[in-house]
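Q: structure, please.
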Amino acid sequence: MRKFGCAALFAACLAAAPVASAGDFFINGQLGRVELDSGSSDEQTNLLQAGAGYRWGIGMAQIGLETGLGKLDDLEDRSRTDYTGGYVDHAYTLSSRYAFVGANARIKPPLLPVYFIGRAGYLGLERKLDETAVDHYLDTSPVTERRQFKENDGGTYAGVGVGTTILPLLDVGLMYNQYRYSQVQYDPVGDEYQLSDDKRDARSVSLTVEYRF
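A: Okay, the predicted model is just below:
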């Protein structure tokens, strides 16, 4: 009888273990559109992000940590500078990649078919700007000059989202994120690119998919 009781208790523990641990670890991805504030105008590009983390909690609220990587599609621009006897064509390509670490909270009200997500933390960005200048002077052959700016910088992010569970441990939803970062700007005095002292904003709306285990 004692052996039967121990066996039954062991079987009950095995049956309850997946329920107790479900949703602690998570991996997710975001794919969406981001709007960058460049000061004089706003530019838009695509965003791709992958993250992972762990949440603590029992019941409707779980709070934990997250980390991950992301990238923006390259931004490209062109301009022309005229001068006496010729002109210069400029082509610019700005690439941005980032890593992040922060807090992540998931709230699932028991009577609603949706959940809510909140997130906030630190953002480490790498920006690389490639400039190609082609100088067309009178009837001479064009002269091409290339230079590159590369800088790492820190910022912050915060986001809120809503979603629903489509499989026992698989969620889909929409996220709105707000970012604070330094703008890459041109210094005509030093004829160089640098990060501005004041911070700019960026906003993204993305589809998110999360698997919990």
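Q: quick one: A202 from T208, how far?
A: To T208, A202 is 17 Å away according to Cβ to Cβ, to the nearest Å. Any C-beta I mention is one placed from the backbone N, CA and C, and that applies to glycine too.
Q: list the contacts for the spatially closest residue to D171 that is not a sequence neighbour?
A: Spatially, and ignoring its direct neighbours in sequence, D171 is nearest to E210 (4.5 Å; Cβ to Cβ, 6 or more residues apart in numbering). Neighbouring residues of E210 by Cβ atoms under 8 Å, 6 or more residues apart in numbering: 26-28, 163, 170-173.
Q: from those, pick the one nearest T144.
A: N28 (43.5 Å; Cβ to Cβ).
Q: so what's the residue count around that closest one?
A: By the measure other Cβ atoms under 10 Å, the count of residues near N28 is 21.
Q: and the spatially closest residue to it that is not a sequence neighbour, how far is that from G163?
A: Closest residue to N28 apart from its sequence neighbours, by Cβ to Cβ, 6+ apart: E210 at 3.8 Å. As judged by Cβ to Cβ, E210 and G163 stand 8 Å apart.
Q: mind listing the shared neighbours of those two?
A: Joint contacts of E210 and G163 (Cβ under 8 Å, 6+ apart) are 171-173.
Q: partners of the helix or strand harbouring V172, with directions?
A: Assessed by DSSP states H and E, V172 sits inside strand 170-187. Here strand 170-187 is paired, per DSSP bridges, with strand 143-167 (antiparallel), strand 192-212 (antiparallel).
Q: hmm, back to that, what about burial for the contacts of E210, which qualify?
A: For the contacts of E210, a burial check counting by 16 or more other Cβ atoms under 10 Å picks out 26, 28, 163, 171, 173.
Q: could you dump those residues into a markdown table and include distance to R106?
A: Compiled in a markdown table, the buried ones among the contacts of E210 are given as follows (distance: Cβ to Cβ, whole Å):
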| residue | distance to R106 |
| --- | --- |
| F26 | 8 |
| N28 | 11 |
| G163 | 9 |
| D171 | 9 |
| G173 | 10 |
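Q: what number of residues lie near R80?
A: By other Cβ under 10 Å, the burial measure for R80, its neighbour count, is 10.
Q: ok, and what's touching stretch 150-161?
A: 100, 102, 116-129, 173-182, 184, 194-195, 199, 208.
Q: list the buried ones in it?
A: Buried-residue list, stretch 150-161, by 16+ other Cβ under 10 Å: 153, 155, 157, 159, 161.
Q: which of these lies closest to G85?
A: Top of the list for closeness to G85, among the buried residues of stretch 150-161 and by Cβ to Cβ, is D153 at 39.3 Å.
Q: who does the closest one bridge with?
A: L125.
Q: gap between it and I27?
A: Taken as Cβ to Cβ, the span from D153 to I27 is 27 Å.
Q: can you check G102 too?
A: The gap separating G102 from I27 is 16 Å, by Cβ to Cβ.
Q: with G68 instead?
A: Using Cβ to Cβ, G68 is found at 9 Å from I27.
Q: mutual contacts of those two, please.
A: 50-52.
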